[in-house]
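# Give the three-dimensional model of this entry:
(chains A and B, ligands or ions: 1)
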Amino acid sequence: MAEVDNWYYSDKVKEHFLNPRNFLVEDPKDGEFDAEGEAGNMACGDIMKVWIKIDSETKKIKDFKWRTWGCASAIAATSIFSVMITEKGGMKIEDALKITPQEIIKRLHGLPLRKIHCSVLVDKAFHNAISNYLENKNFPPPPTLRVGYG
Amino acid sequence: MNPIKFLEKQGCKVTYLDVGEDGVVKPEDVEKALRPETVLVSIMYANNEIGAIQPIAEIGKILKNHRAIFHTDACQAAGYLNLDVEKLGIDLMTVNGSKIYGPKGTGFLYAKRGIRLKPLMHGGGQEAGLRPGTENVPAIIGLSEALAKVQKRRVKESKRLIAIRDYFIKRLTKEIPKIFLNGHPKKRLPNNINISILGVEGESVVLYLDEAGIACATGSACNSEKLESSHVIMAIRNDYAYSHGSLRFTLGKDNTKKEIDYVMKVLPKVVEKLRKISATWQK
Ligand code: FES
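Modelled structure (predicted):
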């Protein structure tokens, strides 16, 4: 489906775009999150910021919040990604890191070709957040972490 | 712009003129850029994105004593402005049908007597050898009828739309914080409203409004084929924040003030919501 290059958004995209889940409403308070990550650049206007909270025992993602100055695809992709990694009690870090932009797009029932980079945006921001988290905690990065990404 | 780029590729030397913050070309700049060997000056009568009306008559005066042919693209202007080619000092003028409620796919080039054109397509002998193919009579009649109609009511219609336009702009700038009008407040087409809303991305706004039955356009990079920002907004603002959050509303013969009230019911809420999500909006 993602191969079809058109301007039409799937119903799934539309649903998440119109009712985005898990975006950060209030600016974060001290200690509310364990790390944050950013991706994108001003020139494309595609800016993505994410905040994560990790359960240090289970290494599961307890909370994931985001903000973006991006288009409908960026909003929908980030919204669905936030659901994917926090549903069913939260994903383990290493598993969440394995999620590819292709999988995000699949869950959205496709994105127009020229909008694929919008799903990469959240992926990058997330990897950067995890990388920051691991660095803070002095944990070794798992092989699935895409370092120096974005 | 692309036809000029094409000529440039063929070896023509081209000077591009800058516009001021209001999107208007300065006649002095045209004068300064003229060289003795300049053969063509082409300036849009009114810009399609920000509606900026160019000082065509003044430029026409400057060109009066120069060999250069003066061309204007009057597609956006045809419904509202004076097309008196003699007063304007125009040699060539393009007008199309779709912008004036005429048949789509039609258009014409006015050429002053004495200007000799070369055909772009060869074969056939139609239209004085300029354009091959059997003349599409219904389209031709449709176009001329459409032009006659809009020109006849242009003064009245302009007045009606200017009132709606200015009412809309006033409400926008009053009711939404950090919103900026692109282009000159008065020297613009009666039907054009172009604004930049900081902190939001244009495509998202367009789609939210579409959900509410409101149609508009954006110069955001996210919404373009090549993911490039509007060069018009960039030329006058030189800041991505403005092109990214730019929004253009175009009024037409069926639009009313009541519809503006409806837009003003929806748009502020959309902006508020998208600013909440925005990574660049400082609360
Ligand atoms: S964020 Fe710019 S195209 Fe999606």
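# Count the neighbours of the closest residue to residue B:231 other than its chain neighbours for me.
Excluding its sequence neighbours, the residue lying closest to residue B:231 (CB to CB, 6 or more residues apart in numbering or on different chains) is residue B:1, at 7.8 Å. C-beta: built from backbone N, CA, C; applies to glycine. Residues lying near residue B:1 (other CB atoms under 10 Å in any protein chain shown) number 10.
# Against the ligand, how distant is residue B:1?
23 Å (CB to the nearest ligand atom, to the nearest Å).
# what secondary structure does residue 70 sit in?
Defaulting to chain A. coil (DSSP: H, G, I helix; E, B strand; the rest coil).
# not what I meant, chain B
Classified using three-state DSSP, residue B:70 is strand.
# and it, what does it touch?
B:41, B:42, B:43, B:59, B:60, B:63, B:89, B:90, B:91, B:92 (CB atoms under 8 Å, 6 or more residues apart in numbering or on different chains).
# Pull up the gap between it and residue B:39, please.
Separation of residue B:70 from residue B:39 (CB to CB, to the nearest Å): 11 Å.
# and if you look at residue B:143?
Look at residue B:143 and residue B:39: by CB to CB, they are 29 Å apart.
# between those two, who's got more neighbours?
Neighbour count, other CB under 10 Å: between residue B:143 and residue B:39, residue B:143 has more, with 22 against 11.
# so that one sits in a strand?
No: per three-state DSSP, residue B:143 lies outside any strand segment and is helix.
# which residue is nearest the middle of chain A?
Nearest to the mean C-alpha position of chain A, by CA atoms, centre = their mean, lies residue A:122 at 3.6 Å.
# Which residues lie in contact with that residue in this structure?
A:39, A:48, A:50, A:66, A:68, A:74, A:77, A:78, A:81, A:104.
# residues in contact with the fourth one?
For residue A:66, the set of contacting residues under the criterion of CB under 8 Å, 6+ apart consists of A:22, A:23, A:24, A:48, A:49, A:50, A:51, A:78, A:82, A:122, A:125.
# would you turn those residues into JSON lines with secondary structure and pLDDT?
Below are the contacts of residue A:66 laid out as JSON lines (DSSP: H, G, I helix; E, B strand; the rest coil; pLDDT from 0 to 100):
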{"residue": "A:22", "secondary structure": "coil", "pLDDT": "95"}
{"residue": "A:23", "secondary structure": "strand", "pLDDT": "93"}
{"residue": "A:24", "secondary structure": "coil", "pLDDT": "94"}
{"residue": "A:48", "secondary structure": "strand", "pLDDT": "92"}
{"residue": "A:49", "secondary structure": "strand", "pLDDT": "94"}
{"residue": "A:50", "secondary structure": "strand", "pLDDT": "96"}
{"residue": "A:51", "secondary structure": "strand", "pLDDT": "96"}
{"residue": "A:78", "secondary structure": "helix", "pLDDT": "95"}
{"residue": "A:82", "secondary structure": "helix", "pLDDT": "96"}
{"residue": "A:122", "secondary structure": "helix", "pLDDT": "92"}
{"residue": "A:125", "secondary structure": "helix", "pLDDT": "94"}
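# In CSV: these, plus distance to the ligand.
Listed next are these as CSV, based on distance: CB to the nearest ligand atom, whole Å:
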residue, distance to the ligand
A:22, 18
A:23, 15
A:24, 17
A:48, 8
A:49, 13
A:50, 14
A:51, 19
A:78, 10
A:82, 16
A:122, 10
A:125, 12
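# Filter those down to the buried ones and express that as a ChimeraX selection.
Restricted to buried positions by 16 or more other CB atoms under 10 Å in any protein chain shown, the ChimeraX selection for the contacts of residue A:66 reads:
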select /A:22,23,24,48,49,50,51,78,82,122,125
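# Adding distance to residue A:59, write the contacts of residue A:66 out as JSON lines.
Converted to JSON lines, the contacts of residue A:66 look like this (distance: CB to CB, whole Å):
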{"residue": "A:22", "distance to residue A:59": "20"}
{"residue": "A:23", "distance to residue A:59": "24"}
{"residue": "A:24", "distance to residue A:59": "22"}
{"residue": "A:48", "distance to residue A:59": "23"}
{"residue": "A:49", "distance to residue A:59": "23"}
{"residue": "A:50", "distance to residue A:59": "17"}
{"residue": "A:51", "distance to residue A:59": "17"}
{"residue": "A:78", "distance to residue A:59": "22"}
{"residue": "A:82", "distance to residue A:59": "18"}
{"residue": "A:122", "distance to residue A:59": "20"}
{"residue": "A:125", "distance to residue A:59": "19"}
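# From the contacts of residue A:66, pick the one nearest residue B:16.
For the contacts of residue A:66, the minimum distance to residue B:16 (CB to CB) is 35.0 Å, reached by residue A:48.
# Contacts only, for the closest one.
With CB under 8 Å, 6+ apart, residue A:48 has these contacts: A:38-40, A:66-68, A:70, A:74, A:78, A:121-122, A:124-125, B:279.
# returning to what we had before: which ones among the contacts of residue B:70 map onto strands?
Here DSSP state E is the test, and these give B:41, B:42, B:92 as lying in strands.
# what's the neighbour count on whichever residue of the stretch 51-200 of chain B sits closest to chain A?
Nearest to chain A in the stretch 51-200 of chain B, going by CB to the nearest CB, is residue B:199, at a distance of 7.2 Å. A count of nearby residues for residue B:199, using other CB under 10 Å, gives 21.
# Repeat that for the one 4 residues further on.
Other residues within reach of residue B:203 by the criterion other CB under 10 Å amount to 24.
# That one - that's part of a helix, no?
Yes: under three-state DSSP, residue B:203 sits within a helix.
# pretty sure it contacts residue A:72?
Yes: at 5.8 Å, residue B:203 counts as touching residue A:72 under the criterion of CB atoms under 8 Å.
# Next, residue B:94: phi, psi?
Main-chain torsions, residue B:94, degrees, to the nearest 10: phi -110, psi 140.
# how near is it to the ligand?
Taken as CB to the nearest ligand atom, the span from residue B:94 to the ligand is 33 Å.
# how many other residues sit next to residue A:108?
Using other CB under 10 Å, residue A:108 is surrounded by 27 other residues.
# wait, it sits on residue A:75?
No: if you go by CB under 8 Å, residue A:108 and residue A:75 don't touch, sitting 11.0 Å apart.
# Name all residues that sit in contact with these two at the same time.
residue A:16.
# number of nearby residues for the residue nearest to residue B:256 when sequence neighbours are not counted?
Among residues not flanking residue B:256 along the chain, residue B:164 sits closest, at 7.2 Å (CB to CB, 6+ apart). By the criterion of other CB under 10 Å, residue B:164 has 19 neighbours.
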